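Participant: Sequence plus predicted model, see below.
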Amino acid sequence: MKILITGSAGFIGFHLSMKLLSENHKIIGLDDLNSYYNTNYKKKRLSILKKFKNFSFLKEDLSKEKNLYEKIKNIDVIFHLAAQPGVRYSIINPKVYIKNNINSFINILEFARNQNVKKLFYASSSSVYGNTNKFPTKENNKLNPLSIYASTKVHNEEYAKQYTNHYGLKTIGLRFFTVYGELGRPDMFLYKYLGSLKKKQKFNLNFNGNYKRDFTYIKDAVEIMNILLKKKLKSNYNIFNICSSKPVSLNKVISILDNFIKRPKIIYKNKNNLDSLKTYGDNRLVKKITGFKKFTLLKTGLQNTVKNYFELKLK
Ligand SMILES: NC(=O)c1ccc[n+]([C@@H]2O[C@H](COP(=O)([O-])OP(=O)(O)OC[C@H]3O[C@@H](n4cnc5c(N)ncnc54)[C@H](O)[C@@H]3O)[C@@H](O)[C@H]2O)c1
């Protein structure tokens, strides 16, 4: 298949591109390589992808649609993973979330409609659930976004539903829960923690380490996407939780990391009202549809991530 992967220099887009290249698909990667976090991560991922003959790359800003139609033709499926991530940054710079998560999303929907794309997968987020007392959160739970970032993801799901209803576009929203792994995002908890250790800096641990997160290993997430790509789904509008369904506290993660590395100096901090206290998704629906059941143990995933982090050579 000929597949467009937006955000292919990003963490999830990179791993998905690697997986689908190994399955002999033709991949067109697209990314604007913005500097929200250290661009050396994006350049490193891209340099690995560019070694594959079935991979081609376009540096484009999706919020400006003008170039898409000329440069990208005959696409079977889109995985739209490009976005401005990060809950905290959305309070500092809300407009960039509208540009990268709303305007870009409409452009991709229009592109998919006009080019008769068969399926559009797109990234949503566990943050759409916000705080709740009902766990594990099911796909049909009431949504309660706590940040502009989370709101943009709720809007993406709403717009996707309209494009399914009015134009028959097959859409598959993927609500990712704290995806971690090799070449991960340096703005997320795990990489910040490893970075503090490497640079001998203090590490700020919010909510005294009591946040619980449904950590999901990247290789499990991309395997699920690969299976979903092959499935004939009954509905044209789909939403799936992509999670291991095993929430653990940040303190527990730190105690597992103690098996492999020393601790940086930890500064205990209060909670932040933008953060959900706990994420714990119900993954029965995606397990039923894909048959994927063997999620990687957190200890194994963390060990792989730590090894990769300390071996990694960025410019
Ligand atoms: N990693 C997680 O745990 C997680 C959890 C929930 C949701 N998500 C969602 O999954 C998707 C992928 O996340 P990630 O962790 O790989 O993030 P990432 O930041 O590593 O990747 C996103 C990529 O999109 C690119 N991008 C942003 N705006 C663009 C634009 N206008 N045009 C072209 N490219 C643009 C960025 O340069 C970046 O490389 C995002 O939509 C994110 O919101 C991720």
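Facilitator: It's in. Remember, predicted model here, so these are calculated numbers, not experimental data.
Participant: in this structure, what residue is nearest the ligand?
Facilitator: Relative to the ligand, the nearest point of the chain is G10 (1.9 Å; Cβ to the nearest ligand atom). In short, each C-beta sits where N, CA and C put it, glycine included.
Participant: quick one, what contacts that residue?
Facilitator: Counting by Cβ atoms under 8 Å, 6 or more residues apart in numbering, G10 touches D31, K42, R45, L81, A82, R185.
Participant: Keep only those that also lie close to the ligand.
Facilitator: D31, K42, L81, A82, R185 (Cβ under 6 Å from any ligand atom).
Participant: Looking at those residues, spot the one nearest N283.
Facilitator: Taking Cβ to Cβ as the measure, N283 sits nearest to L81 out of the ones next to the ligand among the contacts of G10, at 19.4 Å.
Participant: thought that closest one was touching G13?
Facilitator: Yes. When contacts are counted by Cβ atoms under 8 Å, L81 is listed as touching G13 (4.3 Å).
Participant: Find the residues that touch each one of these two.
Facilitator: In contact with both L81 and G13: I5, T6, G7, using Cβ under 8 Å, 6+ apart.
Participant: from those residues, which ones fall inside strands?
Facilitator: Using DSSP state E, the subset of those located in strands is I5, T6.
Participant: Now render the shared contacts of L81 and G13 as CSV, adding distance to T164 and pLDDT.
Facilitator: Listed next are the shared contacts of L81 and G13 as CSV, based on distance: Cβ to Cβ, whole Å; pLDDT from 0 to 100:
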residue, distance to T164, pLDDT
I5, 21, 98
T6, 19, 98
G7, 22, 98
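Participant: Which members of the shared contacts of L81 and G13 additionally contact the ligand?
Facilitator: Answer for the shared contacts of L81 and G13 near the ligand (Cβ under 6 Å from any ligand atom): G7.
Participant: Can I get the lengthiest helix in the chain as CSV, trimmed to CA atoms?
Facilitator: Ranked by number of residues, the top helix in the chain under DSSP state H is helix 148-167. Output in CSV follows, covering the C-alpha atoms of helix 148-167 (Å, rounded to 0.1, in the frame of the first residue of the first chain):
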residue,chain,number,x,y,z
ILE,A,148,-6.4,23.3,25.2
TYR,A,149,-4.4,20.4,24.0
ALA,A,150,-7.0,17.9,25.2
SER,A,151,-9.8,20.1,23.7
THR,A,152,-8.1,20.0,20.3
LYS,A,153,-8.1,16.2,20.4
VAL,A,154,-11.9,16.2,21.3
HIS,A,155,-12.5,18.5,18.3
ASN,A,156,-10.5,16.2,16.0
GLU,A,157,-12.8,13.4,17.0
GLU,A,158,-15.9,15.5,16.3
TYR,A,159,-14.6,16.7,12.9
ALA,A,160,-13.7,13.1,12.0
LYS,A,161,-17.3,12.1,12.8
GLN,A,162,-18.7,14.8,10.5
TYR,A,163,-16.5,13.7,7.6
THR,A,164,-17.6,10.1,8.2
ASN,A,165,-21.2,11.1,8.3
HIS,A,166,-21.2,13.5,5.4
TYR,A,167,-18.6,12.1,3.0
